[in-house]
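In: Here you go, sequence then predicted model.
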Amino acid sequence: MGSLALSLVGAPASGQRLPTEPPQRGGQPRQDTPYILVAAFRSDDRVLGVETADEVRKRLSNEHSAQELFVVLKRNINATLEASGYRPDSALNPSDLMELSKQLHGEYVIDAKVSKHSPGVRIEPRVMLRTGTQTLAQPLPTVDGKDAGDIAKGVEKAISDAIRGMKPYKDCIADLRAQRFDQAVTDARLGIQAYANSSLSRLCLLTAYTSLKSPADSVIAVSNAILAIDPSSMIALVNLGDAYLQKGDTAKAIDTKVRIYEADPANVANAMSIINDLGKLGANKKALAILDALLKDNPTDASLLHTKWALQLNDKQYKQALATGEELVKLDSSIATQAFTDREIGAAQSDSNAAAVLQLATKASVRFPKEVRYTNLLAASYLKAGQLPQALEAARRSAGIDPKSPGAWQFVMAIQNQMHQPDSVMASAQKAVAGGVPKDSIGASLVTLISPALQKAQEVKTREGWDDLLKTAQTVDGIVSSQQSKFYLGFAAYNIGADAVSSVQKLYNGSKADKAKACTEAKVAEDNFAIASVAIVAGGKHDPAVAGQIMTGLSGAGDFVTQVKAALKCK
């Protein structure tokens, strides 16, 4: 019936003729007599649905006194349907049936599906009633027969059996409302005794158990008993899932959550709640299966995609998460926050997908131009890919964003060093220090420049090689002084002095011109030994063994130079 309002028609409109029905035996219903509504049943064959309902209604009227159970008249059903714009032979959905029953004072409603079944007809009936704000259903046994009249006998018996358990069930509900939970348990058990197949009394028993905080095993037992009768009972499924969680049986709790979804797959809100629960339980793949089913009908729902993306990340499905994330951003660019971007980059890194990391870092550095983390990552990605010019450009952008960041300048200098640009490294170091970067934070980067000069000097073993090492060490030490820079400065100066002493020894006994050259070399040795003696003391801890050898050598070499200068009367 949907939004259409049903109106009870007490009398037919002028000129309207309604079918006559024989009166139900027993006279008029009493004030407390329950009414039962039997409208057209659901069926692929409309005529069969109407005919079967008529036979069941007739059978109920014949078997029950009007004072015991009053069967709502067909003429009143038809008149109410027509007044609401429906055909009299309309088979209503459950919610509309309950609305029709409300208009016609029906306490019980018979809902059924009828189908042709070899060799005759099959009916799947149930009794529905409203308890508080809920509509509950009592499934009845399936009945097969040769025709509508034949199956009506079985249906009437099943209804009568079920109604015998209604009185204790209603007492149980009253007990629940009065918070007499122990009495509710007693009345529920009486209801089950009166009608062994009663799902309603078991539902009341379940509520009493949960109110009494009964053990999980008791809740599980009664929930499973309800589901054996009514597999789609949402109340039983929800309580069963909660009881399994209470008991710590995660596997069965997960299976039950899936059953709750399968009982009502069209309920998106319920499905999302179940997906959330499954995610918390670590059942990401089952949650994703439900999400995929929802996305078939809602492929552009950004909310569903976002949930799928998060679940894929949790399940370490990094490739799939990256694809979902890309699709999600296309649908809603506002989703690409820093937090989202960080998780995307993390997924790409976890997947060892360097190309995706580079792509994401590039987009992030544009989207968040003042966030140095992304330009640093971009520089690192280019560096890893061997694209040094691009890496240097990104590193310089990082230094521009945060000029006082030691890390940014260290990165710039490291890349310049790999590109064999020592002068650029020096210039960057000077710029960093001028910008406020602490000297000691870039000292290590600068010291790396000494290594190539040291290696070359040790290979060629010439004055020129040691001179280059000395100049490099002096430049580094001039920008950021450290034990290493002092050590290598002293090491280079000592070796220059030693080379000069070797020259003096060769020239000492030579011609007048040679002796003049010897004086010049002695001066070179004296000057460099002076540099070395100061520098080695300051940087000796870098390599104490070598520093000790140099200090010993300086002592003897100094005396030699003094003697040479005196002997040659050097100015």
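Out: On my side now, so go ahead. Numbers count the residues shown, from 1 in each chain.
In: CA only for contacts and neighbour counts going forward, please
Out: OK.
In: Pull the number of nearby residues for residue 327.
Out: The number of residues packed around residue 327, counting by other Cα atoms under 10 Å, is 17.
In: In what element of secondary structure is it found?
Out: In this assignment (DSSP states H and E), residue 327 forms part of helix 318-331.
In: From the contact counts, what lies against that helix?
Out: Applying 3 or more Cα pairs under 8 Å, 6 or more residues apart in numbering; DSSP states H and E, one finds that helix 318-331 makes contact with helix 302-314, helix 338-350.
In: in that helix, what counts as buried?
Out: Across helix 318-331, burial judged by 16 or more other Cα atoms under 10 Å covers 318, 319, 321, 322, 324, 325, 327, 328, 329.
In: Adding pLDDT and distance to residue 273, write those residues out as JSON lines.
Out: Output for those, formatted as JSON lines (pLDDT from 0 to 100; distance: Cα to Cα, whole Å):
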{"residue": "318", "pLDDT": "96", "distance to residue 273": "24"}
{"residue": "319", "pLDDT": "95", "distance to residue 273": "26"}
{"residue": "321", "pLDDT": "95", "distance to residue 273": "21"}
{"residue": "322", "pLDDT": "96", "distance to residue 273": "24"}
{"residue": "324", "pLDDT": "95", "distance to residue 273": "21"}
{"residue": "325", "pLDDT": "95", "distance to residue 273": "22"}
{"residue": "327", "pLDDT": "94", "distance to residue 273": "23"}
{"residue": "328", "pLDDT": "94", "distance to residue 273": "21"}
{"residue": "329", "pLDDT": "94", "distance to residue 273": "24"}
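In: Turn those residues into CSV, including distance to residue 369.
Out: What follows is those, written out as CSV (distance: Cα to Cα, whole Å):
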residue, distance to residue 369
318, 26
319, 27
321, 25
322, 22
324, 25
325, 21
327, 23
328, 22
329, 19
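In: picking that back up, among the helices and strands packed on helix 318-331, which is the most enclosed?
Out: For the helices and strands packed on helix 318-331, average neighbour numbers computed from mean count of other Cα atoms under 10 Å are highest in helix 302-314, which has a mean of 20.
In: Just the C-alphas of that one, formatted as CSV.
Out: Only the C-alpha atoms of helix 302-314 are listed here, as CSV (Å, rounded to 0.1, in the frame of the first residue of the first chain):
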residue,chain,number,x,y,z
ALA,A,302,32.1,7.5,-3.3
SER,A,303,31.2,6.4,0.2
LEU,A,304,31.2,2.8,-0.8
LEU,A,305,34.4,3.1,-2.7
HIS,A,306,36.1,4.8,0.2
THR,A,307,35.1,1.9,2.5
LYS,A,308,36.4,-0.6,-0.1
TRP,A,309,39.7,1.3,-0.3
ALA,A,310,40.2,1.2,3.4
LEU,A,311,39.3,-2.5,3.6
GLN,A,312,41.8,-3.3,0.8
LEU,A,313,44.5,-1.5,2.7
ASN,A,314,43.7,-3.3,5.9
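In: Can you give the contact residues for it?
Out: For helix 302-314, contacts defined as Cα atoms under 8 Å, 6 or more residues apart in numbering pick out 279, 284, 287-288, 291, 294-295, 318, 320-322, 324-325, 328, 331-332, 347.
In: cool, and stretch 30-48?
Out: Contacts for stretch 30-48 (Cα under 8 Å, 6+ apart): 49-54, 56-57, 66-72, 74, 77, 89-92, 97, 101, 105-115, 148.
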